[in-house]
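> the sequence and its predicted three-dimensional model are supplied below.
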Amino acid sequence: MTPSQSRRYSDDALTCLEQEANLLQEEQRAFRRFRKFVATQTGDTEPVATHGTSVAAHHTPVAIHGHSMATPSSHTTGLHHIRDRYHELVMDVIEPGGESQNSIDSHLEGELTAELSAALRHNTVFTPQLRGSLLATITAAHNAREDVLEFIRREREAVARQRAELDALDDEFSAIETRYGETDRVTDLVSLYESLEAVESRCEAVVQTRQRQLQTLSFSGPIERQDIHEYLYRDLDVTYPVLAETTGVATKSHTLKERIERRIATIE
């Protein structure tokens, strides 16, 4: 790991987090547009809450099993107007370019549930019960993204704080490195060695803080807790950018300490 690689990790992480937050917010807007469309397909409806207590992303729809399901045939059209609007309003935002009917079905199953996907594919009547289940599940998909967004907000704050600490440590290391090149006195070299030990101690403190954050991670979104960093930083070279960057600073410090030791030995 070169110094330049180490120094950019947390900047790249903050960029990834901002991009992911923007994508999730756009997906939420897509679900709100689709929910508004679904709510107008039958009679009057009660407003569906956007915020509040989050429900599971794969909320089980109610009152679907009691509906008659049309047997697929050449005369069955299903609820294609709703499926088409889902494709237009939601799928094209989450998965641009997914055109086939199979991909629509797969997408509906993944985002809403297999049962609702089948109902929209085979039912010929959009009953109030089906409509209610669909609205509830759309809300669940919307709120599941809010859970991820809240985690991203906390993660951005943590990364920014730790990046500021690492910037200060990197600046301190650079100053020590400069002084190292300007002195031949043993006492000065010993003082620089001790300053580097202090830098490494502060790096260790950053690592311990970060590890505590990872171990006590509170997250209830649709992604498994242990997989959230792999998901957020999937486009980076490292999964834990703060730890990688801290290791980079500590490694540079340790290398310079070894050089100081060798230099002191030659002077003595």
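That came in fine, so what should we check first?

> which SS class is T239?
Assigned state for T239: coil (three-state reduction, DSSP: H, G, I helix; E, B strand; the rest coil).

> was I right about it contacting I228?
No. Counting by C-beta atoms under 8 Å, T239 stays clear of I228, with 10.3 Å between them. C-beta: built from backbone N, CA, C; applies to glycine.

> wait, what's in contact with the spatially most central residue of the chain?
Centroid check for the chain by C-alpha atoms, centre = their mean gives L232 as the closest residue, at 3.5 Å. L232 sits next to 16-17, 20, 152, 155 when contact means C-beta atoms under 8 Å, 6 or more residues apart in numbering.

> let's go with 7 Å and repeat that
Residues near L232 by C-beta atoms under 7 Å, 6 or more residues apart in numbering: 16-17, 20.

> and S201, by the same measure?
Contacts of S201 (C-beta under 7 Å, 6+ apart): none.

> number the chain from 36, please
OK, 36 is where the count begins now, so the last one is S236.

> relative to T282, how far out is it?
Distance, S236 to T282, by C-beta to C-beta, to the nearest Å: 15 Å.

> helix or strand next in line after the longest helix anywhere in the chain, which one?
Longest helix in the chain by number of residues, with DSSP state H as the criterion: helix 163-215. Reading on from helix 163-215 to the C-terminus, the next helix or strand found by DSSP states H and E is helix 221-250.

> buried set for that next one?
Using 16 or more other C-beta atoms under 10 Å as the test for burial, helix 221-250 gives 224, 227-228, 230-231, 234-235, 237-238, 241-242, 244-245.

> how about low-confidence regions in the stretch 36-185 of the chain?
36-42, 77-113, 132-137 (pLDDT under 70).

> cutoff 50 now
36-41, 78-112 (pLDDT under 50).

> show me the helices in it, by range?
Assigned by DSSP state H, counting those that start in this stretch, the stretch 36-185 of the chain shows helices spanning 38-74, 115-121, 127-129, 136-146, 149-157, 163-215.

> can you put these in CSV and add distance to S288?
Shown next, in CSV, are the helices of the stretch 36-185 of the chain (distance: least, C-beta to C-beta, whole Å):
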stretch, distance to S288
helix 38-74, 11
helix 115-121, 55
helix 127-129, 45
helix 136-146, 47
helix 149-157, 54
helix 163-215, 6
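
> nearest to H289, out of those helices?
Among those, helix 163-215 comes nearest to H289, with 10.8 Å by C-beta to C-beta.

> check the offset of the closest one from the chain's centre.
Here helix 163-215 is found 7 Å from its chain centre; the criterion is C-alpha atoms, centre = their mean, to the nearest Å.

> got the angle between it and helix 136-146?
Angle of helix 163-215 versus helix 136-146, following axes from the mean of the first three to the mean of the last three C-alpha atoms, to 10 degrees, is 80 degrees.

> which helices and strands does helix 163-215 pack with?
helix 38-74, helix 149-157, helix 221-250, helix 276-302 (3 or more C-beta pairs under 7 Å, 6 or more residues apart in numbering; DSSP states H and E).

> and the first one, what's buried?
In other words, helix 38-74. Quick answer for helix 38-74 (16+ other C-beta under 10 Å): 41-45, 47-49, 51-52, 55-56, 59, 62-63, 65-67, 69-70, 72-74.

> also stretch 144-156?
146-148, 151-156.

> ok, now which ones touch the closest residue to I117 other than its chain neighbours?
Nearest residue to I117, sequence neighbours excluded (C-beta to C-beta, 6 or more residues apart in numbering): L155, at 5.6 Å. With contact set as C-beta under 7 Å, 6+ apart, L155 has these partners: 113-114, 117-118, 143.
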